[in-house]
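# Quick one, what's the 3D model for this:
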Amino acid sequence: HALVKKYPNNKFVLYNYGIGGQNVEAGLARWGSSFSNRDRNYPPITQIQPDVIILGSFSYNTFDPHNRERHKEGLRKIIAEAKNITPDVYLMVELAPLGEGFGQGKNGPNMAPAAALDQSNRILEQLDDSLEIGKELNIPVIDVYSVSQLNGRYGEKSNVNQDDGIHPSVEGHLLTARIIVSALKLK
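So this is what the prediction gives:
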C-alpha cells in the first residue's frame, strides 16, 4: 500500500523468494531454480526480469560453526548474481535481534540464556558485516537494523514477535515496510 501511495503510476508485482532458516549459501545454491515454498510457486528469478531486487542479508541464519567470512563471501556472490539481472539491487539489513529474550516464547527454540545471547551476538556481527558489504559494493542499503537498535546494540522488544522472540512482530513488519518505501528510488 505504501509503495502504491508513493508511486501511484507504477504497477507492482511482488515476489518473495525467501525461505526461513536458510543461510546465504543455500539461497545462492537455488538462485537460478524455480521456487516453490508453501503457497508460493514462481519461475526462476533469472526469468522474471525484475526491475528491482531486494536481497535480505541472511544474517539471522548463521553457519555452524559460526563463520563471518563465509557469510560475507556468500553475500558478495549473491549480490553479484542479482546485479547480473538488474542494476537496481538493494540490500536489506534486517531488524536487530533481542539480547535478553532472544528465541524465547511458546514457538521459539528456547535455548539456554547464554546460548541465546551468543546466537544473538553472532547475528549482530553478520548484520554489521552486511552494512559494510553494502558500502564496499556501493549498493543501496535498506537499513532496518540501525533504526531498530536500542542504545546501538540489541533490538526493541516491540518489533519482535513474542511467540518466538526472533521474527518480526506486526510493529516490526510496519517499521520494515516504512524503511523499504523510504529507501527505494524508483523511476
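
# list the helices and strands the worst-scoring helix or strand of the chain on mean pLDDT packs on?
Averaged element by element with mean pLDDT, DSSP states H and E, the chain has its least confident helix or strand at strand 35-37 (a mean of 86). Taking 3 or more CB pairs under 8 Å, 6 or more residues apart in numbering; DSSP states H and E as contact, the helices and strands that strand 35-37 lies on are strand 40-42. Every C-beta, even on glycine, is put in place using the N, C-alpha and C of the backbone.

# the strands in this structure, which residues?
35-37, 40-42, 53-56, 89-93, 141-143 (DSSP state E).

# Can you say which of those is nearest to residue 133?
Of all those, it is strand 89-93 that lies closest to residue 133, at 7.0 Å by CB to CB.

# Please identify the most buried of the strands of the chain.
strand 89-93 (a mean of 22; mean count of other CB atoms under 10 Å).

# Run through the neighbouring helices and strands of that one.
strand 53-56, helix 68-83, helix 113-136, strand 141-143, helix 144-148, helix 170-183.

# how about those in CSV, adding distance to residue 90 and mean pLDDT?
Below are the helices and strands packed on strand 89-93 laid out as CSV (distance: least, CB to CB, whole Å; pLDDT from 0 to 100):
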stretch, distance to residue 90, mean pLDDT
strand 53-56, 5, 97
helix 68-83, 9, 98
helix 113-136, 9, 97
strand 141-143, 5, 98
helix 144-148, 12, 97
helix 170-183, 7, 96
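
# Which residue would you name as the spatial centre of the chain?
residue 56 (3.0 Å; CA atoms, centre = their mean).

# roughly how far apart are that residue and residue 19?
Using CB to CB, to the nearest Å, residue 56 is found at 11 Å from residue 19.

# Setting aside sequence neighbours, what's the nearest residue to residue 10?
Spatial nearest neighbour of residue 10, chain neighbours left out: residue 186 (6.3 Å); criterion: CB to CB, 6 or more residues apart in numbering.

# Isn't the residue nearest to the centre of the chain up against residue 94?
Yes - using CB atoms under 8 Å, residue 56 is in contact with residue 94, at 6.4 Å.

# returning to that earlier point: just put the strands of the chain in a markdown table and tack on distance to residue 126.
Below are the strands of the chain laid out as a markdown table (distance: least, CB to CB, whole Å):
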| stretch | distance to residue 126 |
| --- | --- |
| strand 35-37 | 23 |
| strand 40-42 | 25 |
| strand 53-56 | 11 |
| strand 89-93 | 9 |
| strand 141-143 | 14 |
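
# Quick one: neighbours of residue 153, just the number.
Residue 153 sits with 12 neighbouring residues when counted by other CB atoms under 10 Å.

# same deal with the one 3 residues further on?
Burial measure for residue 156: 17 neighbouring residues, criterion other CB under 10 Å.

# what about the closest residue to it other than its chain neighbours, distance to residue 157?
Excluding the flanking residues, the one nearest residue 156 by CB to CB, 6+ apart is residue 150, at 5.4 Å. Counting by CB to CB, the separation of residue 150 from residue 157 is 9 Å.
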